[in-house]
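# pasting the structure only:
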């Protein structure tokens, strides 16, 4: 019941601000501020899976429809609009072509609503001089709050306002607690924190030194929060993102951070901690073999449906009939059939085929490659690229895009990369 109350309060709060200031800024900045609760369902499962983000976005589309459909001849970046439309077409075709065209139909509107946000975000960033730091400040606050919830759970234990929390948070054999924050799953929590942490590196040109140091301290604490979430892939993605940033720093910074990294590595080796993510190191080979078996089974499905896949959201439905060995047995003898192949990229590939998968990758890769080429001119662009890379690494072990907070963070950093590539760009 609590989640429905929170959903209602969030929507009413947005309505209040929209009534007072009916501008695009109200929508975009509110989404960033309300990010912790934006994935909350507004109704019980029996009545559908509409979430707070869907309601706010559809209402905003009605209010700002003229902005949404307005295109100027001078606007760049139309290639991304073409790619998004092609992705929609492939998504719908894969669903219609599948054996289960009506299964999980509510997943279909998610790629549409996220594009509405991306479109409005880029318009707002382009047209408002102070938009960038207004939005990023709100986003930073949400990242800090979500990381803070993890530390709060360290003191009082895991909690959630939602009944959808994952069952793998507490390992009964080892006693390991994987703190999920406000997310359904600790891996998704780790992915978000790894990605969102890089937003804290954006500083206003006139920022005070004390405030800058405070944000750097928050950045360091988020590393600990990722460890508490016990997400190895997220920690690895975070590390790769940091290494990428180091490549574009001066020699002094490289030496300082490199020395700290070596010192931390030696400390871990000497102390040999057995808590959090470190307590899971003994199971790496076992986990890999387990995942490998699922990947091989998924590969067989891909070979059968290479072009359009088995349809968006149909993986679990399909394996219940054709791959019945892909399940876990829960306590009480209940079977749980996987709803993803333990790999985000494989899930997209198996459900949408090579056609949809190639468009998805293009949407991710093109702005990143352009950003790397522009990095010497605009070093700030590497923060958004590092964030996307951190998520991309962790996405290899877990499909997380069903959570709007992850999807919004990915869309945000891709949009920031596009915006910094072409300052006067709109989608």
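Arrived safely, thanks for sending. Here the structure is a predicted model, which means the values were calculated and not measured.
# residue ranges with poor pLDDT in the stretch 101-250 of the chain?
Across the stretch 101-250 of the chain, the ranges flagged by pLDDT under 70 are 163-168, 170-175.
# Show me the strands in it, by range?
Per DSSP state E, counting those that start in this stretch, the stretch 101-250 of the chain carries no strands over any range.
# any idea where the helices of it begin and end?
Applying DSSP state H, counting those that start in this stretch to the stretch 101-250 of the chain gives helices spanning 109-127, 131-156, 186-196, 209-228, 232-246.
# Now distance to residue 382 and mean neighbour count too, for those helices, in CSV please.
No exception for glycine: its C-beta is placed from N, CA and C like everyone else's. Shown next, in CSV, are the helices of the stretch 101-250 of the chain (distance: least, C-beta to C-beta, whole Å; neighbours: other C-beta atoms under 10 Å):
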stretch, distance to residue 382, mean neighbour count
helix 109-127, 18, 20
helix 131-156, 15, 18
helix 186-196, 14, 30
helix 209-228, 15, 16
helix 232-246, 6, 21
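# and of these, who's closest to residue 405?
Among these, the nearest to residue 405 by C-beta to C-beta is helix 186-196 (5.8 Å).
# Buried residues, the helix or strand harbouring residue 6. List them.
Element membership for residue 6, per DSSP states H and E: helix 2-20. For helix 2-20, burial by neighbour count (16 or more other C-beta atoms under 10 Å) applies to 3, 6-7, 10-11, 14, 17-18.
# Next, the buried residues of the longest helix along the chain.
In the chain, ranked by residue count with DSSP state H as the criterion, the top helix is helix 344-373. Using 16+ other C-beta under 10 Å as the test for burial, helix 344-373 gives 344, 346-353, 355-357, 359-360, 363-364, 366-368, 370-372.
# before we move on, what about stretch 302-309?
Applying 16+ other C-beta under 10 Å to stretch 302-309 flags 302, 305, 308-309 as buried.
# List just the nearest of those residues to residue 55.
Using C-beta to C-beta, these come closest to residue 55 at residue 309, 29.7 Å.
# per-residue confidence at that closest one?
On the pLDDT scale, residue 309 is placed at 93.
# which residues touch residue 6?
Under the criterion of C-beta atoms under 8 Å, 6 or more residues apart in numbering, the contact list for residue 6 reads 37, 40, 161.
# tally of neighbours for the first one?
By that I understand residue 37. Close neighbours of residue 37, defined as other C-beta atoms under 10 Å, add up to 21.
# returning to what we had before: quick one: average pLDDT of the helix holding residue 6?
Averaging pLDDT along helix 2-20 gives 92.
# and what of stretch 49-62?
93.
# Return the set of buried residues in it.
49, 51-57, 60-61.
# And for it, what's in contact with it?
With C-beta under 8 Å, 6+ apart as the test, stretch 49-62 has contacts from 7, 10-11, 14-15, 18, 27, 30-31, 34, 37-43, 68, 106, 109, 113, 116-117, 120, 404, 408.
# Just give me the neighbour total for residue 159.
12.
# my read: it touches residue 153, true?
Yes: counting by C-beta atoms under 8 Å, residue 153 is a contact partner of residue 159 at 6.5 Å.
# who touches both of the two?
Between them, residue 159 and residue 153 share no contacting residue, judged by C-beta under 8 Å, 6+ apart.
# picking that back up, roughly how far is the longest helix of the chain from the heart of the chain?
Centroid separation for helix 344-373 versus its chain: 15 Å, with C-alpha atoms, centre = their mean, to the nearest Å.
# elements contacting the next helix or strand after it?
Next along the chain after helix 344-373, taking DSSP H and E as the criterion, comes helix 381-394. Applying 3 or more C-beta pairs under 8 Å, 6 or more residues apart in numbering; DSSP states H and E, one finds that helix 381-394 contacts helix 186-196, helix 232-246, helix 344-373, helix 404-421.
# got the angle for the first one vs helix 404-421?
Using axes from the mean of the first three to the mean of the last three C-alpha atoms, to 10 degrees, one finds that helix 186-196 and helix 404-421 are set 20 degrees apart in direction.
# Run the angle between helix 186-196 and helix 232-246 for me.
Counting by the same axes, to 10 degrees, helix 186-196 lies at 10 degrees to helix 232-246.
# Quick one: distance of stretch 152-164 to the chain centre.
20 Å.
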